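build me a structure from this.
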Amino acid sequence: MKEDVVRWVQECDVCQKSKAEHVPYPGLLQPLPLPSQAWTSISMDFIEGLPKSQGKDCIMVVVDHLTKYVHFLSLTHPFSAEAVARIFMGQVYKLHGLPINIISDRDRIFTGIFWKELFRLLGTTLSLSTAYHPQTDGQTERVNQCVENYLKCMCHLRPKQWNKWLSLAEYWYNTNFHSGLKLTPFQALYGYLSGPLTVDPYIPTSQPDVEEYLKERSKLLEVLKLNLAEAQNRMKVYADKNRTERSFVVGDYVYLKLQPYRQNSL
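Model (predicted):
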C-alpha cells in the first residue's frame, strides 16, 4: 500500500500542474556545438526599457560564439526588422562577414517574414530558442547582465548618458579576461593584447575640449570604481550573514576537508 501511495503522490496531476518543483532540473545539459571559425555562429538579443539617451533607448547585443567578442549597438524604439538588418550589415557584417548561423530568441524581429526571407536568400541559418526557455542562449543573457551592470555603475547618477559611454562598455568587455577562454575576447579574435585606454588627464594641453573630455572621463572612472566597491561591500555583507569569523595563528591544528573522499585530516 505504501508503494501505491508514493506512486500516486508522484503522479498526481494537480500537483504537477500547480506546485513548484523541488527536484533536480530535468534533462541533461546540451551545449551548442562549437563553431570552426570566428563569427560563423553568432547570437543576437535586445536590451530594452532603457532611459532615452541621445535619442536611443535600446541596445542590440551581438556575440560571437567562438571568441566571445561582442558588439553593442544602440537603437531607438520602435524599430523594424529592416532597420535592425541595416544596422547589422553596417556595423557587424562589414567587419566580420556573413555568419553561417544566427541564434536568437523569439522576438518579433527574428520571427518576422522580412528577417527570415533576407537570411534565407543570404544562406544563413536562423536558430530560434525554445519558447519560455532563455537558457538556450544563456551566453547572450549573461552578456546582457554584464553590460547592464557596467552602465549602471558608470552612469547611475546620469542614467540618460549611457549611450555616450556604450562604446567604452564594448571595449571594456572585449578587453577583459574571460574565464572560459582563459584570455580576453579581443586577444582570441585578433591574436594580441589591446593596449590600455588610459591617459593622464592632468597633462597640459592647448585644447580646452580635450582637457575637459579627459577630466570628465577620469572622474567617471573614479565613480565607476566607487560604485563597484560599494557593490562588493553589499555582496560581502549579504554573504557574511551565513558565515562566522574564524581566526588562526601559526601552530594551530585544524581540520582540512579533502575531496572527493570524506575523511578527517590535520
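
beta partners of Val63?
In this entry, Val63 is beta-bridged to Ser43, Val70, by DSSP bridges.

from Glu141, how far out is it?
10 Å (CB to CB, to the nearest Å). Using the backbone N, CA and C atoms, a C-beta is placed for each residue, glycine as well.

out of those two, which sits in the busier spot?
Val63 (23 against 16; other CB atoms under 10 Å).

just to check, that one is in contact with Trp39?
No - Val63 lies out of contact with Trp39 (CB atoms under 8 Å); the separation is 10.2 Å.

any shared contact partners between the two?
Tyr69 (CB atoms under 8 Å, 6 or more residues apart in numbering).

so where do the strands sit in the stretch 1-150 of the chain?
41-47, 58-64, 70-75, 101-104, 125-128 (DSSP state E, counting those that start in this stretch).

tell me which residues are up against the second one.
In other words, strand 58-64. Contacts for strand 58-64 (CB under 8 Å, 6+ apart): 38-39, 41-48, 50, 69-77, 79, 84, 87-88, 92, 96, 139-140, 143-144, 147, 166, 185, 189.

weed out the non-buried ones from these.
Among those, the ones that count as buried by 16 or more other CB atoms under 10 Å are 38-39, 41-47, 50, 69-75, 79, 84, 87-88, 92, 96, 139-140, 143-144, 147, 166, 185, 189.

what would the strands of the stretch 1-150 of the chain look like in CSV with distance to Asp252 and mean pLDDT?
Converted to CSV, the strands of the stretch 1-150 of the chain look like this (distance: least, CB to CB, whole Å; pLDDT from 0 to 100):
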stretch, distance to Asp252, mean pLDDT
strand 41-47, 50, 92
strand 58-64, 48, 94
strand 70-75, 48, 95
strand 101-104, 53, 92
strand 125-128, 56, 90
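
so for Phe248, which of those sits nearest?
When the strands of the stretch 1-150 of the chain are compared by CB to CB, strand 70-75 sits nearest Phe248, at 43.3 Å.

ok so, going back, which one of the strands of the stretch 1-150 of the chain lies closest to Gln10?
Smallest distance to Gln10 across these (CB to CB): 33.5 Å, for strand 125-128.

can I get that closest one as PDB, trimmed to CA atoms?
C-alpha atoms of strand 125-128 as PDB (Å, rounded to 0.1, in the frame of the first residue of the first chain):
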ATOM      1  CA  THR A 125      20.500  29.600 -40.900                       C
ATOM      2  CA  LEU A 126      18.300  31.100 -38.200                       C
ATOM      3  CA  SER A 127      18.100  29.100 -34.900                       C
ATOM      4  CA  LEU A 128      15.400  30.300 -32.500                       C
END
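
quick thing: my sequence starts at 52, can you match it?
Renumbered: residue one is now 52, and that last one reads strand 176-179.

next one: that strand to chain centre, how far?
20 Å (CA atoms, centre = their mean, to the nearest Å).

contacts for it?
151-157, 161-162, 166-167, 170.

drop anything exposed from the residues you listed.
152-156, 161, 166, 170.

max pairwise distance over those residues: which two?
So, the buried ones among the contacts of strand 176-179 by CB to CB: farthest apart are Asp156 and Phe170, at 15.7 Å.

one step back: turn the buried ones among the contacts of strand 176-179 into a markdown table, including distance to Ser298.
Shown next, in a markdown table, are the buried ones among the contacts of strand 176-179 (distance: CB to CB, whole Å):
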| residue | distance to Ser298 |
| --- | --- |
| Asn152 | 54 |
| Ile153 | 54 |
| Ile154 | 50 |
| Ser155 | 52 |
| Asp156 | 49 |
| Phe161 | 55 |
| Trp166 | 60 |
| Phe170 | 61 |
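
what is the nearest of the residues you listed to Arg58?
Asp156 (38.2 Å).
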